[in-house]
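J.: Next one to model:
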Amino acid sequence: MTVVKSTIPESARQVTGDALQSTLVDLLGLSLIGKQAHWNLVGPRFRSIHLQLDEVVTAAREFSDTVAERSAALGLPPDGRPETIASAFTLPGPKEGWVRDTEVVGVMVESLEAAIGRLRERITATDEADPVTQDLLITITAELEKQRWMFDAENWPKDS
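T.: Numbering: from 1, shown residues only. Reported below is the predicted structural model:
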């Protein structure tokens, strides 16, 4: 059933829909990773990392809404159901229980890097299919790269 008529051709809509749905899954999952780490964080850098995690969660949640609405605007129903996220999500996350501040930083850098890598693939895929969606994905990537940089800076000086 098509409720909303798309403004782009069907072939472009399919590529764009796949990119948007995968991004939605990554963003919703990333917000869950951030909250899990936020609740279970321990260590001397608790406060600064705790606050940084809130920034990631807020950005991921706001962008997930924008991504879902872009999908709907193109006539593609977004799927953010828990079972969809659970079955499709593959970003690395924190272990169960209390997590040291250094481990949280490592997990967040790794998760953000993975999300950014996939976003860059989607940016390429949507270049011709839908430049509007591509622009949205570029904006999300820029924010996640900033967040990754901030977590990575927590690791300085790095052991060589």
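J.: what about residue 38, distance to residue 130?
T.: 34 Å (Cβ to Cβ, to the nearest Å). The way it works is simple: take the backbone N, C-alpha and C, and place the C-beta from them, glycine included.
J.: what's the answer for residue 147, then?
T.: Counting by Cβ to Cβ - residue 147 and residue 130 are separated by 25 Å.
J.: same deal with residue 64?
T.: 18 Å.
J.: if we can go back for a sec, ok, residue 38 and residue 130, which is more surrounded?
T.: Shown here are residue 38 and residue 130; by other Cβ atoms under 10 Å, residue 130 has more neighbours (25 against 19).
J.: Find the nearest non-adjacent residue to that one, please.
T.: Computed as Cβ to Cβ, 6 or more residues apart in numbering, the closest residue to residue 130 that is not its neighbour in sequence is residue 16, at 4.2 Å.
J.: Around that neighbour, count how many other residues there are.
T.: Other residues close to residue 16 by other Cβ under 10 Å number 25.
J.: what about it, which SS state?
T.: Applying DSSP: H, G, I helix; E, B strand; the rest coil to residue 16 yields a three-state assignment of helix.
J.: what about the strands in the chain?
T.: 41-42, 99-100 (DSSP state E).
J.: Output the ones you listed in TSV; the columns should cover distance to residue 9.
T.: Conversion of the strands of the chain to TSV gives the following (distance: least, Cβ to Cβ, whole Å):
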stretch	distance to residue 9
strand 41-42	47
strand 99-100	46
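J.: do you know which of those strands lies nearest residue 33?
T.: strand 99-100 (10.9 Å; Cβ to Cβ).
J.: For residue 1, give me the pLDDT.
T.: In this prediction, residue 1 carries a pLDDT score of 57.
J.: didn't the residue nearest to residue 130 look like it was pressed against residue 131?
T.: No - assessed by Cβ atoms under 8 Å, residue 16 is found out of contact with residue 131, at 10.1 Å.
J.: so can I have CSV of the strands of the chain showing distance to residue 80 and mean neighbour count?
T.: Below are the strands of the chain laid out as CSV (distance: least, Cβ to Cβ, whole Å; neighbours: other Cβ atoms under 10 Å):
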stretch, distance to residue 80, mean neighbour count
strand 41-42, 26, 17
strand 99-100, 26, 18
